[in-house]
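Visitor: starting from these lines, generate the structure:
(one chain, ligands or ions: 2)
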Amino acid sequence: MNEEIQSLKRYISIPKYIVISSHRNPDGDAIGSCLALAGYLNQLGHTVRIVLPSELPSSFDFLEGIDDLLIFDLKPNECIDAIKMADMFFALDYNSLDRIDKMAEAVMQSESHKIMIDHHLDPEPFADTVISDPKASSTCELMFETLKALGCSKFSSTMLNALYTGIVTDTGCFRHAVSPRLMVNTAELIALGADHDFLVDKIFNSQPEKNLRLIGHCLHNRLEIFPEYHTALIYLKKEDYEEYDIQRGDTEGIVNYLLMLKNIKVAAIIMEQPNIVKISLRSKGDFSVQDMARRFFNGGGHKNASGGFLHSSISVALKKFKDSLESFPSLISTKEIYNQ
Ligand code: 5GP
Ligand code: MN
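Guide: Ligands and ions are numbered 1, 2, ... in the order given. Purely as a prediction, here's the structure:
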């Protein structure tokens, strides 16, 4: 990593036009890492634009700097122009160009120096400089370490809160990916001024009533358990989207409720969205949902948290998910243990 940091340091030593990007359906880690890096590059006198493929959930409206983001779905030409003009292009919190949809075309054509900073497994080789660490809890944790290594000595409250937001959201408020390294970085962020109470309240305790009613609906009416496979599933149909006025980000976190069940190792939520059927997967312990996402759902992610999609009907997607369980010997072997 040292070599990458040194080369990055050289690249940013002269003011440039820099585009920072993250993946579609941006989450707290995507948005937080973009805002934090932008904060630092602005300090150095660069001209910076943050570009995202699709809109962000309104739950992150409280973050400073959020109003200056460019969204490809809303302003495609402005985004393409920004990417074309850029001397440097940062890819944060994603490891393959298919995560940025149509923006990928402009990126491939651009002659900018491309830097990936990410914590997903198996980065694709599209960047010139790669800072990848799948052991990091979040891109924001890796970003904090990267910024310090680059020599950042002034972390503004905007940067600190952005970094903390990504850590808190990607770890489910310190429930997973916890390590001594994470705790040391977190302690340092708090010591520097990240506001834990404020952020946790904004991120987790600011839900509108309809979201809680949606969780109730999911758990009461849309839950299926496959005890022999230690697997549980929630699905949402088009009519649920209408009835509960489900907006971007509203389904975030619902899949995690399934992991509260005793004996459940794999959890899935399958959602009938306008153009695709989206699937989010979570697991406990050794079972890799990344493998499942890659083999059956055109996706990927991490061992214990992955996602993907299908261009199919919801009923075909549900059947595919159920059938896929048969393909995992580790689940089938636990099936025997369960039946004993
Ligand atoms: P989520 O289920 O919260 O949408 O995503 C969980 C993890 O899976 C994230 O790390 C995300 O990057 C990854 N992921 C989600 N959807 C996709 C997808 O369509 N393709 C790939 N490659 N990864 C995905
Ligand atoms: Mn992340």
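Visitor: how close does residue 175 get to residue 204?
Guide: Residue 175 sits at a distance of 12 Å from residue 204 (criterion: CB to CB, to the nearest Å). C-beta here means a position set from N, CA and C on the backbone, and glycine is covered the same way.
Visitor: look at the two and report which has more neighbours.
Guide: Using other CB atoms under 10 Å, the more surrounded residue of residue 175 and residue 204 is residue 204, with 14 against 9.
Visitor: would you quantify the distance from the nearest residue to the more buried one once chain neighbours are set aside to residue 253?
Guide: In this structure, residue 204 finds its nearest non-sequential neighbour in residue 173, 6.5 Å apart by CB to CB, 6 or more residues apart in numbering. Between residue 173 and residue 253 the computed distance is 10 Å (CB to CB).
Visitor: returning to that earlier point: thought the residue nearest to residue 204 was touching residue 205?
Guide: No. Here residue 173 does not reach residue 205: they are 10.8 Å apart, not a contact under CB atoms under 8 Å.
Visitor: burial check on the spatially closest residue to residue 16 that is not a sequence neighbour, number of neighbours?
Guide: Leaving aside its chain neighbours, residue 16 sits nearest to residue 87 (4.1 Å; criterion: CB to CB, 6+ apart). For residue 87, the count of nearby residues is 17 (other CB under 10 Å).
Visitor: ditto for the one 5 residues further on
Guide: By other CB under 10 Å, 28 other residues sit near residue 92.
Visitor: nearest residue to it in space, please, no chain neighbours.
Guide: residue 33 (4.4 Å).
Visitor: do you know how far that neighbour is from ligand 2?
Guide: Remark: distance between residue 33 and ligand 2 (CB to the ion, to the nearest Å) = 8 Å.
Visitor: same check, this time on residue 208
Guide: 25 Å.
Visitor: okay, that residue: pLDDT?
Guide: As summarised for this prediction, residue 208 has a pLDDT of 92.
Visitor: doesn't residue 117 make contact with residue 131?
Guide: Yes. If you go by CB under 8 Å, residue 131 and residue 117 touch, sitting 4.7 Å apart.
Visitor: okay, and the common contacts of the two?
Guide: Common contact partners of residue 131 and residue 117 (CB atoms under 8 Å, 6 or more residues apart in numbering): 142, 146.
Visitor: between these two, which one's more packed in?
Guide: For residue 131 versus residue 117, neighbours defined as other CB under 10 Å are more numerous around residue 117 (26 against 23).
Visitor: and the more buried one, what element?
Guide: Assigned by DSSP states H and E, residue 117 falls within strand 113-118.
Visitor: what packs against that strand?
Guide: helix 2-11, strand 88-92, strand 129-132, helix 139-150 (3 or more CB pairs under 8 Å, 6 or more residues apart in numbering; DSSP states H and E).
Visitor: what pairs with that strand, parallel or antiparallel?
Guide: strand 88-92 (parallel), strand 129-132 (parallel) (DSSP bridges).
Visitor: need the CA coordinates for that strand. CSV is fine.
Guide: Provided in CSV are the C-alpha atoms of strand 113-118 (Å, rounded to 0.1, in the frame of the first residue of the first chain):
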residue,chain,number,x,y,z
HIS,A,113,-5.6,8.7,-13.8
LYS,A,114,-8.0,6.3,-12.0
ILE,A,115,-7.7,5.3,-8.4
MET,A,116,-9.8,2.7,-6.6
ILE,A,117,-10.2,2.8,-2.8
ASP,A,118,-12.4,-0.1,-1.8
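Visitor: that strand vs ligand 2: in contact?
Guide: No. For strand 113-118, no contact with ligand 2 is found by CB under 5 Å from the ion; the gap never falls below 7.8 Å.
Visitor: contacting residues around that strand?
Guide: Residues contacting strand 113-118 (CB under 8 Å, 6+ apart): 8, 11, 33, 37, 87-95, 107, 123, 126-132, 139, 142-143, 146.
Visitor: filtering those by proximity to ligand 1, which remain?
Guide: On the criterion CB under 6 Å from any ligand atom, none of the entries of those sits beside ligand 1.
Visitor: what would the helices and strands packed on strand 113-118 look like in TSV with mean pLDDT and distance to ligand 2?
Guide: Formatted as TSV, those follow (pLDDT from 0 to 100; distance: least, CB to the ion, whole Å):
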stretch	mean pLDDT	distance to ligand 2
helix 2-11	94	19
strand 88-92	98	9
strand 129-132	96	12
helix 139-150	98	5
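Visitor: number of residues surrounding the residue in the stretch 101-250 of the chain positioned nearest to ligand 1?
Guide: In the stretch 101-250 of the chain, the residue that lies nearest ligand 1 is residue 120 (5.9 Å; CB to the nearest ligand atom). As a burial measure, residue 120 scores 22 neighbours (other CB under 10 Å).
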